[in-house]
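Chemist: here is my input; please provide its structure:
(2 chains, ligands or ions: 2)
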Amino acid sequence: MRLPEQIKRLGLVIGVLVAAVLVGRFVVIPRSLVATELHQASTVAREVAKPMKFAGTAACQDCHDDVAVTKAKGYHKNLACEGCHGPAAKHAEDPSSGKPPAPRDRKFCPVCHIYDASRPTGFPQINLTTHNPLKACITCHNPHDPVPPKVPQECSACHGQIERTKAVSSHALLACTTCHKVPPLHKTAPRSALPSKPDTREFCGGCHGKDSAQKDAPKVDVSAHGGRFQCWQCHYPHLPEGRA
Amino acid sequence: MNKRDFLKGMILFFPAGGLLEMAANAAAKETAAPEAAGAQPAAMGAPGAGGYNGEKHYYGMGIEIDKCIGCSRCVEACKAENDVPQEPFYFRTWIERYVITKDHGVIVESVNVKGKAAKETPQEDRDVIRTFFVPKLCNHCIHPPCVQVCPVGATFSTKDGAVLVDKERCVGCRYCIQACPYGARYLHPKTRTADKCTFCYHRVVKGLLPACVEVCPTQARIFGDLKSKASRLTRFYRMNKIHVLKPALNTEPKVYYAGLDGEVR
Ligand code: SF4
Ligand code: SF4
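Modeler: Ligands and ions are numbered 1, 2, ... in the order given. Have a look, this model is predicted:
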């Protein structure tokens, strides 16, 4: 079959155009304009090259091994040095370039240790207004090993939230030890020795059973009231009457 | 100049420009040959530093709600490490306080906004049923909507599971800020480009922890490599009941929460 001359020419023109586009796309336009890997690699390289401000606890301990030893024994053993002292990469690289600050006043420790209802129960929290007013925390506590100078006598020193709830309940006058047996170790190493909790219905029945000698406590027939359930499944012992 | 000359000039000008640039690039490459050899095959994830290989890692973060005390050490550390503006509305990571009240109300506020930090809160008037803190940050999603919408391909996922922004390519159009369902991005007021958490990429490739994880006093934040069986994150992922934020969106976040309340959005 013979192609008409104009078709051939058209074909040639189209061919040249296609070739020009291909050459343009793959040869002329620089790869850096189209290749995603290249600009991604340069972004990664830029990120990696960013200077660090925090040196990391391991770097601090290289020189301050004495503090590391003290700290490893205390409640603050898991804390990073730079959590309190601030970013110290510069100091780690060149110790003569200045010392990281050490917070010494009454403002800093409460960042973690002021009472806040949203904090997990059991986290040591204080009432800043009543807790040794105006004294700097470090007059009594060594931040690297913050044992209280005397073992806390009041449960409320740590369990403020429960204390506040109980204070407005009908159990307000009961000492914590009425229901909990507290091993002495709990005061110095709270999580390694937990206080006991009542585990029988009869325990509550000691005051609330109908034969009890406690005249102020509301009485129920422990053998019938509440069926097979334990008392604290319905009554929260720190606020037994509940709130409307 | 007549029309013919002009067209000829045009036809020659553009390819010639391209070829010139290529020649220039080639020359530059030759002079910087030793470095280029290290940087080139990088093609993301392998920055050539100290034999780090991005393919071997896949990073994520774990957050244990019951441990967070809302102290914001992490937020401050992040700002210091990553030059996040100090104003209280630019964050790469932030802490939300949730208060769930008896009348089914849920109050959410950022404790990093001035005046909302922990301070002796008198018991609220409303009856509080439960209240807790939720640390938030970019989830480094496995299917990140922010990457999908970027019109210039400036944001991308690395092989080791970080979502990064190329601030030289970003045109500041804010699509990604709109597209992120977690509000994890902001427009940096200085560079006018999108900015967000990088998992402290510059630290983790050197084997250090992200700044927020480093300073968290209660270990509420856990960082690790999902590809390593021995990493703390893998253990955390195995030992806890895990939830992620907005799972229905199919973004597959890599920030895993233990003890997350159903009210948290
Ligand atoms: S959390 Fe938002 S910014 Fe981070 S990867 Fe997912 S969509 Fe992108
Ligand atoms: S540093 Fe840890 S405990 Fe403090 S707010 Fe951040 S995640 Fe919570």
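Chemist: give me the neighbour count for the nearest residue to B:Tyr175 once chain neighbours are set aside.
Modeler: Spatial nearest neighbour of B:Tyr175, excluding adjacent residues (CB to CB, 6 or more residues apart in numbering or on different chains): B:Val149 at 4.6 Å. For the C-beta atoms, the positions are set from N, CA and C on the backbone; glycine is no exception. For B:Val149, the tally of surrounding residues (other CB atoms under 10 Å in any protein chain shown) stands at 15.
Chemist: where do the strands sit along the stretch 1-150 of chain B?
Modeler: B:59-64, B:93-101, B:106-110, B:128-137 (DSSP state E, counting those that start in this stretch).
Chemist: what's the angle from the shortest one to strand B:93-101?
Modeler: Strand B:106-110 runs at 160 degrees relative to strand B:93-101, counting by axes from the mean of the first three to the mean of the last three CA atoms, to 10 degrees.
Chemist: now do the first one
Modeler: Orientation note: strand B:59-64 sits at an angle of 30 degrees relative to strand B:93-101 (the same axes, to 10 degrees).
Chemist: so what's the residue nearest to B:Tyr175 scoring on pLDDT?
Modeler: On pLDDT, B:Val149 comes in at 96.
Chemist: spit out the contact partners of it.
Modeler: Counting by CB atoms under 8 Å, 6 or more residues apart in numbering or on different chains, B:Val149 touches B:175-176, B:178-179.
Chemist: give me that answer again for 7 Å
Modeler: Residues in contact with B:Val149 (CB atoms under 7 Å, 6 or more residues apart in numbering or on different chains) are B:175-176, B:179.
Chemist: and these, which of them are in helices?
Modeler: Mapping the contacts of B:Val149 onto helices (DSSP state H) picks out B:175-176, B:179.
Chemist: give the next helix or strand downstream of the single longest helix found in chain A.
Modeler: Counting residues, the longest helix found in chain A (DSSP H) is helix A:5-23. Per DSSP states H and E, helix A:5-23 leads on to helix A:31-34 as the next helix or strand towards the C-terminus.
Chemist: what about B:Gln219, distance to B:His188?
Modeler: 30 Å (CB to CB, to the nearest Å).
Chemist: neighbour count winner among the two?
Modeler: B:His188 (19 against 15).
Chemist: on that earlier part again, drop anything exposed from the contacts of B:Val149.
Modeler: Buried members of the contacts of B:Val149, counted by 16 or more other CB atoms under 10 Å in any protein chain shown: B:175-176, B:179.
Chemist: between the ones in helices among the contacts of B:Val149, which sits nearest chain A?
Modeler: B:Cys176 (14.5 Å; CB to the nearest CB).
Chemist: now the closest one. Nearest residue, chain neighbours left out?
Modeler: Using CB to CB, 6+ apart, the closest residue to B:Cys176 is B:Cys146 (3.9 Å).
Chemist: you'd agree that neighbour is up against B:Cys180?
Modeler: Yes. Between B:Cys146 and B:Cys180 there is a contact under CB atoms under 7 Å: 4.9 Å.
Chemist: give me whichever of the strands of the stretch 1-150 of chain B is most buried.
Modeler: strand B:59-64 (a mean of 24; mean count of other CB atoms under 10 Å in any protein chain shown).
Chemist: okay, now the sheet partners of that one, with direction.
Modeler: Paired with strand B:59-64 in the same sheet, following DSSP bridges, are strand B:221-225 (antiparallel), strand B:255-258 (parallel).
Chemist: how about the longest one, does it get close to ligand 2?
Modeler: By that I understand strand B:221-225. Yes. Using CB under 6 Å from any ligand atom, strand B:221-225 reaches ligand 2 at B:Arg221.
Chemist: thank you, goodbye.
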